[in-house]
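Peer 1: Sequence first, predicted model second:
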Amino acid sequence: TKMHLSWAKVLASLMTDHYPERLGKSMMINCPTIFNMAWAIAKTWLDDRIKAKIGLYGAEKTWRPEIEKIMDLDLLPGHLTSAI
């Protein structure tokens, strides 16, 4: 809703203004399509360097290669590593 988008915009602005370098990398995996749609709107309020630190991924084939770049897959919870 409009109120939720307004709140998200304020939160994004607050985080960018006051905590710009606190986030190393955020990866949301197995996201439904609606998350990507919301992200397309929300990321317009963020700096490019912040956007580069956030990734939304749907199917395992999209997130697995990205996670392998930054960590050992053995560190993932069991329900995510059953197919490894």
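Peer 2: It's in.

Peer 1: And residue 54, how far from residue 35?
Peer 2: Distance from residue 54 to residue 35, counting by C-beta to C-beta, to the nearest Å: 11 Å. Where you see a C-beta, it was placed from the backbone N, CA and C, and this is true even at glycine.

Peer 1: measure residue 62 to residue 28 for me?
Peer 2: 11 Å.

Peer 1: so where do the helices sit in this protein?
Peer 2: 2-18, 33-42, 48-51, 60-70, 78-81 (DSSP state H).

Peer 1: tell me the mean pLDDT over the first one?
Peer 2: Right, helix 2-18. Helix 2-18 comes out with an average pLDDT of 74.

Peer 1: Can you tell me what sits against that helix?
Peer 2: Residues outside helix 2-18 that contact it (C-beta atoms under 8 Å, 6 or more residues apart in numbering): 38, 41-42, 45-47, 50.

Peer 1: Using a markdown table, lay out those residues together with neighbour count.
Peer 2: Formatted as a markdown table, the contacts of helix 2-18 follow (neighbours: other C-beta atoms under 10 Å):
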| residue | neighbour count |
| --- | --- |
| 38 | 16 |
| 41 | 11 |
| 42 | 17 |
| 45 | 16 |
| 46 | 17 |
| 47 | 13 |
| 50 | 18 |
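
Peer 1: Could you identify the most distant pair in these?
Peer 2: For those, the maximum inter-member distance is 18.4 Å, found between 38 and 47 (C-beta to C-beta).

Peer 1: And residue 39, how close does it get to residue 61?
Peer 2: 19 Å.

Peer 1: These two: which is more packed in?
Peer 2: More crowded of residue 39 and residue 61, by other C-beta atoms under 10 Å: residue 39, with 16 against 8.

Peer 1: so what's that one scoring on pLDDT?
Peer 2: 89.

Peer 1: Renumber starting at 478 from here on
Peer 2: In the new count, where the first residue is 478, that last one comes out as residue 516.

Peer 1: Chain neighbours aside, what residue packs nearest to it?
Peer 2: residue 533 (5.2 Å; C-beta to C-beta, 6 or more residues apart in numbering).

Peer 1: In contact with that neighbour, which residues are there?
Peer 2: Contact partners of residue 533, counting by C-beta under 8 Å, 6+ apart, are 505, 508, 512-513, 516.
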